[in-house]
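Student: how would this look folded up:
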Amino acid sequence: MTSVGTSHSNQPTAPSPVRRLTSYAHGGGCACKIPPGELEEMVAGLLPAGPTLRGGEGELLVGLDDGDDAAVVRTGPGTAVVATADFFPPVVDDAYDWGRIAAANALSDVYAMGGRPIVAVNLLGWPRGVLPIALAREVLRGAQDVSRLAGCHIAGGHSVDDPEPKYGMAVTGLVDPEHLLRNDAGRPGIPLTLTKPLGIGVLNNRHKLTGENFPHAIANMTTLNDQASAAALANGAVCATDVTGFGLLGHLHKLARASGVTAVVDPAAVPMLDGARKSLQEGYVSGGTRRNLDWVRPHLRSDKTAEEELLLLADAQTSGGLLVAGELPGHPVIGELIPSVPGTTIILR
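Tutor: You can find the predicted model right below:
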């Protein structure tokens, strides 16, 4: 594994002294997402291009309408293609781990739709006159190792000379169009299950600001959501999303709004990573997390929930777990869906 401080030869230009990798990023991982409110304003009114034939080849089954995790296009009877892309600046200082995390995060969008990733291409921005090329190779190696675990090919990609290092993947997968997991299929009376603990955002922010390492956070981010997706399908689930940059509250708000229901959540039932609460209390909260909470707050009923707890529930995750409308053995039920309460998508009890 190559460290950020290692010197390298044969570079196109003489690099300046290398700092910690996260110091080259203006933010952390999925916390760098454009705020959800701004993003929705940006894509409002955009219409899909191409075939619109219902039930036939080329039908867009999932697109821009509800901000789902990936696009889905029918390719024939019983088959559909899932397409997604995801990339971000360094979230950890170790280049190999950053590649692993970014790959798991990009693959997650396919799993969140109930699909199976089959091929990906690299998306790389690299300050070639500043950071050694050998570090970029470590990022790609990490992504390759995680993609191999997923049974997904990596076949080339695209790179640019960029002042800020960025990495991710565009991923294509396959899915049965009759067994999709989508965020507009939630119905009242169904429990909500979360498959990974929260707290990645505050721990990553602490790592960026202090250099402290959190191996359990890296293990969480590099764990694929393949088994959770398979379990959701096996248990008859039809509604799910993954929990990433918009936090649990943000992604749950989108799911409840798209499904025309209200979600009731028990904050005490939501699992948290070790050290997350302490890191939040010591002030390691990203701007992305605060923006998430600001966006959801008008639709949130939370009279008995402390502000610190709200921030953890809105914590911007990178490569988080799946939020499934349904019960999955071995994972905590954190709440349920109920009939829509006007003006409210989430109630914290």
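
Student: which intervals of this protein have sub-threshold pLDDT?
Tutor: Within the chain, the stretches with pLDDT under 70 are 1-18, 27-37, 39-40, 42-55.

Student: Can you give me the domain boundaries for it?
Tutor: Following automatic domain parsing, one finds the domains of the chain at 21-178, 180-348.

Student: Any chance of those domains in a markdown table with mean neighbour count as columns?
Tutor: Backbone N, C-alpha and C define where each C-beta goes, glycine included. A markdown table is the format used below for these (neighbours: other C-beta atoms under 10 Å):
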| stretch | mean neighbour count |
| --- | --- |
| domain 21-178 | 19 |
| domain 180-348 | 20 |
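
Student: State the phi and psi torsions of residue 93.
Tutor: Main-chain torsions, residue 93, degrees, to the nearest 10: phi -80, psi -30.

Student: Over to residue 145?
Tutor: phi -70, psi -40.

Student: For the most centrally placed residue in the chain, list the residues it contacts.
Tutor: Nearest residue to the geometric centre of the chain (C-alpha atoms, centre = their mean): residue 244, 3.2 Å. Contact partners of residue 244, counting by C-beta atoms under 8 Å, 6 or more residues apart in numbering, are 30, 33, 105, 108, 251, 316, 317, 318, 319, 320.

Student: what secondary structure does it sit in?
Tutor: Per DSSP: H, G, I helix; E, B strand; the rest coil, the secondary structure class of residue 244 is coil.

Student: Tell me where the stretch 201-349 of the chain has strands.
Tutor: Ranges of strands within the stretch 201-349 of the chain are 239-242, 261-265, 300-301, 322-325, 333-339, 346-348, based on DSSP state E, counting those that start in this stretch.

Student: can you list the ones you listed in a markdown table and add distance to residue 180?
Tutor: Formatted as a markdown table, the strands of the stretch 201-349 of the chain follow (distance: least, C-beta to C-beta, whole Å):
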| stretch | distance to residue 180 |
| --- | --- |
| strand 239-242 | 9 |
| strand 261-265 | 18 |
| strand 300-301 | 28 |
| strand 322-325 | 13 |
| strand 333-339 | 18 |
| strand 346-348 | 24 |
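
Student: Which among the ones you listed is found nearest to residue 156?
Tutor: Checking these against residue 156 by C-beta to C-beta gives strand 239-242 as the closest, at 25.5 Å.

Student: Before I go, just wanted to say thanks for your time.
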